[in-house]
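Visitor: coordinates only, no sequence provided:
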């Protein structure tokens with residue numbers, strides 16, 4: 001089982017963004033007004049604004065050496081299909097029921113300059129709806 005940790009990414013007057021730390025996972029979660037260690041589960045549910053699933057490993061798939069392969073969401077962040085199921089101030093649990101729209105892959109050994117086309121055979125995208133049912137229980141690390 002992979003251990004993830006929710007770390008404070010940004011703190012504004014009435015807003016907190018968290019990132020999930022646990023390579024190869026990358027996701028961010030936003031709350032407004034700010035979620036506090038003393039907030040209740042109901043407050044966490046009401047304050048939840050969005051989640052961004054930037055990098056989620058494909059379950060049961062081992063990419064060939066030098067290739068990065070990951071599923072892609074339709075939008076950079078969303079709220080629909082996400083439920084906060086537990087919150088204690090030190091731990092948050094949530095479920096994401098959605099779908100990926102594609103699988104993306106690139107050869108990490110090939111470095112392409114900005115705005116240049118990728119050489120043939122170094123990139124692919126397969127578009128297909130792929131169901132997502134993700135349940136997470138993640139400890140929170142509060143840092144100011």
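Guide: Looks like it came in fine. Computed from a predicted structure; not experimentally measured.
Visitor: what about stretch 74-87, average pLDDT?
Guide: Averaged across stretch 74-87, the pLDDT comes to 95.
Visitor: can you give me the buried ones in it?
Guide: When neighbours are counted by 16 or more other CB atoms under 10 Å, the buried residues of stretch 74-87 are found to be 82, 84, 87. (C-beta placed from N, C-alpha, C; glycine too.)
Visitor: now do stretch 34-54
Guide: Counting neighbours by 16+ other CB under 10 Å, the buried set in stretch 34-54 is 35, 39, 43-44, 47-48, 50-53.
Visitor: quick one: distance of that stretch to the chain centre.
Guide: Stretch 34-54 has its average C-alpha position 15 Å from the chain's average C-alpha position, going by CA atoms, centre = their mean, to the nearest Å.
Visitor: any buried residues in whichever strand in the chain runs longest, and which?
Guide: Ranked by residue count under DSSP state E, the longest strand found in the chain is strand 123-141. Within strand 123-141, the residues that qualify as buried by neighbour count (16+ other CB under 10 Å) are 134, 136, 138, 140.
Visitor: give the contact list for the nearest residue to the first one once chain neighbours are set aside.
Guide: It stands for residue 134. Ranked by CB to CB, 6 or more residues apart in numbering and with sequence neighbours excluded, the top spatial neighbour of residue 134 is residue 96, at 4.4 Å. Residues in contact with residue 96, defined by CB atoms under 8 Å, 6 or more residues apart in numbering, are 51, 53, 81-82, 132-136.
Visitor: so for the strand or helix carrying residue 96, mean pLDDT?
Guide: Per DSSP states H and E, residue 96 falls inside strand 91-107. Here strand 91-107 scores 92 as its mean pLDDT.
Visitor: check stretch 39-49 too.
Guide: 95.
Visitor: let me see the residues that make contact with it.
Guide: Contact with stretch 39-49 is made by 29-35, 79, 82-84, 86-87, 89, 92, as judged by CB under 8 Å, 6+ apart.
Visitor: quick one: the helices in this structure?
Guide: Per DSSP state H, the chain has helices spanning 41-47. These are given in chain order.
Visitor: can you tell me how far the residue of it most remote from its centre is from residue 109?
Guide: Most distant from the centre of the chain: residue 120, at 29.2 Å, with distances by CA atoms, centre = their mean. If you measure residue 120 against residue 109 using CB to CB, to the nearest Å, the figure is 15 Å.
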